[in-house]
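**Q** task: produce atomic coordinates for the following.
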Amino acid sequence: MKTSRAGYLLYSALFVIAPHVGLGDHLPASLVARGRPEVLLAGKSIRRPYASLKEIEGKWGPPTAVSESKDRNLCDRLLSWNLQNVTVTVSVGCTPPGNPVVYTVEIKGTDPARKFSTGRGLCLGDPLEKIYSLYGRRSLLSKGLDGREITVQWSNGAELNATVAEGNRIVRIQLLPQVE
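**A** Residues are numbered from 1 along each chain as shown. Below is the predicted model of the structure:
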């Protein structure tokens, strides 16, 4: 199945904007998570030193989908890989002098082998309660397009977003870096 350029651009906008609709920049202080922020998803770090695009392509091969910015800036795009039943999407930026690195990571699908977890072990298919047991209850749970959306945000701005579908199972996990 091929996706049109317009489809990729729409997906890009949704990938970046949807988890933040109605949240502003930060959750209220009473909902900000305590403890160490999550920094790993699918084995990729969202903190410095960032995972290089070369390293990721060495592990997963070339991306199966590329969504470029309107100006075709190689330092502003989304790349996706279809790996078994999991789609991994990363946002690519650049560190000086133009080295492509990964800033955000998102996984969607089913992962019975549990190969694409967070650093603390949250996986696709886990129940919502697993988020609470790993990260605490200080979070925001709201209705989303594909189920319930949960946002866990730490004081440094790092954020974990997940979609919980029918059956109370996680079908999407997204990890965003700390604010610098």
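**Q** just the strands in the protein please.
**A** 40-41, 44-45, 65-68, 77-83, 86-95, 99-109, 140-144, 147-153, 159-165, 169-176 (DSSP state E).
**Q** what sits against P177?
**A** P177 makes contacts with I46, R47, Y103, T104, G157, A158, as judged by C-beta atoms under 8 Å, 6 or more residues apart in numbering. From N, CA and C alone the C-beta is placed, and that goes for glycine too.
**Q** local confidence estimate at it?
**A** With respect to pLDDT, P177 scores 88.
**Q** same check on H20?
**A** 43.
**Q** could you do S12 as well?
**A** 45.
**Q** with K54 instead?
**A** 88.
**Q** next: N161.
**A** pLDDT, the model's per-residue confidence, is 97 for N161.
**Q** any idea which of the strands of the chain scores lowest on pLDDT?
**A** strand 44-45 (a mean of 88).
**Q** list of residues touching that one?
**A** V39, A51, I56, V90, V102, V105.
**Q** which residues touch the fifth one?
**A** Under the criterion of C-beta under 8 Å, 6+ apart, the contact partners of V102 comprise K44, I46, Y50, A51, S52, L53, I56, V90, S91, V92.
**Q** one more time with 7 Å
**A** Applying C-beta atoms under 7 Å, 6 or more residues apart in numbering to V102 gives the contacts K44, Y50, A51, L53, I56, V90, V92.
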